[in-house]
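Colleague: Predicted model and sequence below, questions to follow.
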Amino acid sequence: MHTVVIQHPLAQCHLAAIRAVDTPSHQFRRHLNLLARMLFLEATRELTLQETTVQTPLAQTPGVILARPMVFVPILRAGLGMLDGILPLMPEATVAHVGIKRNEETALPQPYYANLPASLASAEVFLLDPMLATGGSACEGVRQLKAAGARKITMICVVSCPEGLAALDKAHPDVPVYTAAIDQGLNERSYIVPGLGDAGDRYFGTC
């Protein structure tokens, strides 16, 4: 599995801000949005382009367009925070949703909702979730996307850990991962350490 850790200085500054326990929700949102945007830009560096001709006010000139449409798939609910940062870059993209919650006793994923378009097979699909912890939600999300026809899937997360990366690699070695950090590992409750806490609660102010 291809894993890319984004080491850009600005990305790491945004990461430090969202890790800090005293960062208020409105600032957490801002930094998460901006960091998600930087991760997305790196994840799309190798997109296939199609040549075209553009008419400027003065003359025609060669240009390019994306060869395939984009579909963004945030894992509810924390993935919505990443979507908020990415969607302004590609407002014409399709937005799908998958709802997967973690059973707090078993740490296993529990899918509860999915709304996926019929165009997945022809699209560049980006699965969005701030945390790649046990890998259960990511593996289940990818499974659902593949079952619905997706062929090109990229996982974008803010923080990952060796356990989650190993689980995703075992289940879906064809899915690349773009992340801002590979943390130490999981604690006894299967939370990433040092991590950043519950991304959904911190983003929506419900912690």
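Modeller: Perfect, thanks for sending it.
Colleague: number of nearby residues for the closest residue to Met1 other than its chain neighbours?
Modeller: Spatial nearest neighbour of Met1, excluding adjacent residues (Cβ to Cβ, 6 or more residues apart in numbering): Asp169 at 3.9 Å. Yep, even glycine has a C-beta here, placed from its N, CA and C like the rest. Other residues within reach of Asp169, judged by other Cβ atoms under 10 Å, total 17.
Colleague: Quick check: which helices or strands does the helix or strand where Asp169 lies pack against?
Modeller: Counting by DSSP states H and E, the element that carries Asp169 is helix 162-171. Secondary-structure packing of helix 162-171 (3 or more Cβ pairs under 8 Å, 6 or more residues apart in numbering; DSSP states H and E): strand 131-132, helix 136-147, strand 185-186.
Colleague: switch to 10 Å and redo it
Modeller: With contacts defined as 3 or more Cβ pairs under 10 Å, 6 or more residues apart in numbering; DSSP states H and E, the packing partners of helix 162-171 are strand 3-5, strand 131-132, helix 136-147, strand 152-156, strand 177-179, strand 181-182, strand 185-186.
Colleague: So which of the ones you listed is the most surrounded?
Modeller: For the helices and strands packed on helix 162-171, the largest average neighbour count (mean count of other Cβ atoms under 10 Å) is found in strand 131-132, namely a mean of 28.
Colleague: hang on, Gly197 in a strand?
Modeller: No: applying DSSP: H, G, I helix; E, B strand; the rest coil, one finds Gly197 to be coil, outside a strand.
Colleague: what sits against it?
Modeller: By Cβ atoms under 10 Å, 6 or more residues apart in numbering, Gly197 lies in contact with 18-21, 23, 28, 131, 191, 207.
Colleague: Name all residues that make contact with the residue nearest to Met1.
Modeller: Asp169 makes contacts with 1-3, 135, 139, 175, 177, as judged by Cβ under 10 Å, 6+ apart.
Colleague: Which two among these are spaced furthest apart?
Modeller: Greatest spatial distance in the contacts of Asp169: His2 and Cys139, 16.5 Å, computed using Cβ to Cβ.
Colleague: was I right about Leu34 contacting Pro88?
Modeller: No: applying Cβ atoms under 10 Å, one finds Leu34 not in contact with Pro88, separated by 11.2 Å.
Colleague: Please say which of the two ends up with more neighbours.
Modeller: More crowded of Leu34 and Pro88, by other Cβ under 10 Å: Leu34, with 17 against 9.
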